[in-house]
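Enquirer: I'll drop the sequence and a predicted model, then ask my questions.
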Amino acid sequence: MNRGGVERLMLLAMLLGTASAANESLSLGNIVADLPERYDETQLWRIHNISDAMRQYMPVGQLMEQKFGGNIWKENSKFLDISIGKEHLKAARNFLDAHHLEPQILADNVQSLIDEELLDGVQATSSLPGTRTKKASRSGSGMHWKDYHDLDTIYAFMREVRAKYPNIVRLYTIGQTAEGRDLKVLRISENPREYKKVWIDGGIHAREWISPATVTFILFQLMHNWENQPAHIRGLTWYIMPMMNPDGYEYSRTVNRLWRKNRSGPRRADCYGVDLNRNFDIGWNGFGSSKDPCSDVFRGTSAASELETQAVADFLAKRKYNLEAYLTYHSYGQLVVYPWAYKAVKVRDAAVLQRVASTAVERIAQKTGSTYRASVTHEVLGIAGGGSDDWSRDALGVKYVYTVELRDRGTYGFVLPPKFIKDTALEGWTVAETVAQSIG
Ligand code: ARG
Ligand code: ZN
């Protein structure tokens, strides 16, 4: 650990206010160990007013990615969120100036967001046995929604659910990743042959930690009083995959908090990873992705080139009979969107999908006060091919296909402090509940 890390560690020990914490700096070290990749004085910018004309001949985001090592957080028809390292701030600003663009500064130090996220989690769980990275030794998996968890804890929670309801729960390992981790799916059903099916996944993008947190919460909501669930929930077969990209997730927890892709490769010197949500076999070679292995939206060398994509696609293709809903959780932006994303066209039954999404959005507003927006994908996020959502509609004919962009709207972005997990997860659950009800 570097010096700054040690200082922050002592500060943490003081904030936690326990003598033992100060003494046992080794165990605290486990809690707050700095990630190798740092973002000191990296700024997060929002760039508005990028005209369509400009976009045509100059994809501002990708250019800034290449020129200034920028890290694209979010790109849509209204704005671009991109973080720029300290040493490139001046040049990046000059570049924008030259194109009559002015950045709005969302955060002036991304590292402090990452530190705040960590501290919030440590404080929220300091009264619990165990530490942030070590599993609590209490009952079973030690799962809770006061903080984000490592993959082991999430998989332990899935096993715990199966152990508790062996008659209705099945746990599948549907494949392995490039780094050899299992890909796991739970099925919950009282009648798998006949009931209509809902698929829910999370964690396609590594840095969107709120996504697997939300999907595990949905699992908890379903199961903790399964017997009392209404018929429209108990009468479905639920497939739940909290983590589609375990390699990327672990990498984002241990090396680089802002990692997005999986960890296959490298294809070029030191450039790893494919954007799994650009790798599905739908409009794969089209807009919104890159053929550059170093890009954050690298689509892969061919459609479904990635083990994660293959595992999910094969698993679902075999189960497409009765598959009524495909829900996939991402962050951030507070949106509920439906196909298409790969072309600027709506699906035939867009009116139905819009109505259900609007209902979910209204219920969210009542429950937590958050404002979400319901829309067709390409209108609010721009055109992008290779998405799992479009693929499930096109290849499997799933009706209720939604991508949910969870909190927030750019204050913390991906680095959402753990104190927001519960309410955000409740918002995610509300979408699932509403869709289940619509299937009827
Ligand atoms: N933020 C998500 C992504 O960039 C949005 C996914 C929307 N669907 C899509 N097929 N692009 O992957
Ligand atoms: Zn995402």
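Expert: Great, that's in hand. Ligands and ions are numbered 1, 2, ... in the order given.

Enquirer: tell me the residues of the stretch 201-350 of the chain that contact ligand 2?
Expert: Within the stretch 201-350 of the chain, the positions near ligand 2 by C-beta under 5 Å from the ion are 205, 208, 330. In short, each C-beta sits where N, CA and C put it, glycine included.

Enquirer: my read is Leu63 is in a helix, agree?
Expert: Yes: membership of Leu63 in a helix is supported by DSSP: H, G, I helix; E, B strand; the rest coil.

Enquirer: pLDDT wise, what is it at?
Expert: Reported pLDDT at Leu63 in the predicted model: 90.

Enquirer: name the SS class of Lys74, please.
Expert: Taking three-state DSSP, the label given to Lys74 is strand.

Enquirer: so where do the helices sit in the stretch 101-250 of the chain?
Expert: 110-125, 151-164, 210-223, 231-234, 246-254 (DSSP state H, counting those that start in this stretch).

Enquirer: tell me which of the residues of the stretch 201-350 of the chain next to ligand 2 fall in strands.
Expert: His330 (DSSP state E).

Enquirer: would you mind giving the helices of the stretch 101-250 of the chain as a markdown table with mean neighbour count added?
Expert: Listed next are those as a markdown table, based on neighbours: other C-beta atoms under 10 Å:
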| stretch | mean neighbour count |
| --- | --- |
| helix 110-125 | 20 |
| helix 151-164 | 18 |
| helix 210-223 | 25 |
| helix 231-234 | 15 |
| helix 246-254 | 24 |
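
Enquirer: looking at the ones you listed, spot the one closest to Val435.
Expert: Minimum separation from Val435 across these (C-beta to C-beta) falls at helix 231-234, 9.9 Å.

Enquirer: average pLDDT for the closest one?
Expert: Regarding helix 231-234, the rounded mean pLDDT is 98.

Enquirer: which residues touch it?
Expert: Contacts with helix 231-234, where a contact means C-beta atoms under 8 Å, 6 or more residues apart in numbering, come from 190, 222, 226, 433, 436-437, 439-440.

Enquirer: pick out the most distant pair among those residues.
Expert: Across the contacts of helix 231-234 (C-beta to C-beta), the longest gap, 19.2 Å, separates Trp226 and Gly440.

Enquirer: between the two, point out the one with more neighbours.
Expert: Taking neighbours as other C-beta atoms under 10 Å, Trp226 and Gly440 compare with Trp226 leading, 16 against 10.

Enquirer: so Phe95 sits against Gln66, correct?
Expert: No: using C-beta atoms under 8 Å, Phe95 makes no contact with Gln66, being 11.4 Å away.

Enquirer: which of the two has more residues huddled nearby?
Expert: Phe95 (16 against 13).

Enquirer: kindly reformat the helices of the stretch 101-250 of the chain as TSV containing distance to ligand 1.
Expert: Output for the helices of the stretch 101-250 of the chain, formatted as TSV (distance: least, C-beta to the nearest ligand atom, whole Å):
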stretch	distance to ligand 1
helix 110-125	19
helix 151-164	21
helix 210-223	10
helix 231-234	26
helix 246-254	13
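
Enquirer: looking at these, which is closest to Lys86?
Expert: helix 110-125 (9.9 Å).

Enquirer: can you give me the neighbour number for Asp256?
Expert: That one is not Asp; residue 256 is Asn. Neighbourhood size, Asn256 [other C-beta under 10 Å]: 18.

Enquirer: tell me who's in contact with it.
Expert: Asn256 neighbours (C-beta under 8 Å, 6+ apart): 35-37.

Enquirer: and for Glu41?
Expert: 86, 108-109, 111.

Enquirer: now do 10 Å
Expert: 84-87, 89, 108-112 (C-beta atoms under 10 Å, 6 or more residues apart in numbering).

Enquirer: what's the answer for Thr424, then?
Expert: 145, 210-211, 213-214, 217, 329, 331-332, 334, 368, 370, 406-408, 416 are the contacts of Thr424 under C-beta under 10 Å, 6+ apart.

Enquirer: any idea which helix or strand in the protein has the lowest mean pLDDT?
Expert: Between all helices and strands in the chain, the lowest mean by mean pLDDT, DSSP states H and E belongs to helix 19-23, at a mean of 39.

Enquirer: picking that back up, please produce TSV containing the contacts of helix 231-234, extended by pLDDT.
Expert: Below are the contacts of helix 231-234 laid out as TSV (pLDDT from 0 to 100):
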residue	pLDDT
Glu190	98
Leu222	98
Trp226	97
Glu433	98
Ala436	98
Gln437	98
Ile439	97
Gly440	77
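
Enquirer: burial count for whichever residue of the stretch 151-300 of the chain sits closest to ligand 2?
Expert: Nearest to ligand 2 in the stretch 151-300 of the chain, going by C-beta to the ion, is His205, at a distance of 3.5 Å. His205 has 25 neighbours, counted by other C-beta under 10 Å.

Enquirer: chain neighbours aside, what residue packs nearest to it?
Expert: Among residues not flanking His205 along the chain, Arg260 sits closest, at 5.0 Å (C-beta to C-beta, 6 or more residues apart in numbering).

Enquirer: distance of the one you found from ligand 1?
Expert: 9 Å (C-beta to the nearest ligand atom, to the nearest Å).

Enquirer: please identify the helix or strand for that residue.
Expert: Assigned by DSSP states H and E, Arg260 falls within no helix or strand.

Enquirer: wait, Leu323 touches Trp238, no?
Expert: No: assessed by C-beta atoms under 10 Å, Leu323 is found out of contact with Trp238, at 11.5 Å.

Enquirer: who's more crowded, these two?
Expert: Trp238 (24 against 21).

Enquirer: am I right that that one is in contact with Leu219?
Expert: Yes: Trp238 lies in contact with Leu219 (C-beta under 10 Å); the separation is 8.4 Å.

Enquirer: so what sits against both of these two?
Expert: Common neighbours of Trp238 and Leu219 (criterion: C-beta under 10 Å, 6+ apart): 169, 186, 188, 200.

Enquirer: which of these has the largest number of neighbours?
Expert: Ile200 (26 neighbours).

Enquirer: okay, the residues of the stretch 201-350 of the chain next to ligand 2 in TSV with distance to ligand 1 next?
Expert: Shown next, in TSV, are those (distance: C-beta to the nearest ligand atom, whole Å):
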residue	distance to ligand 1
His205	7
Glu208	8
His330	5
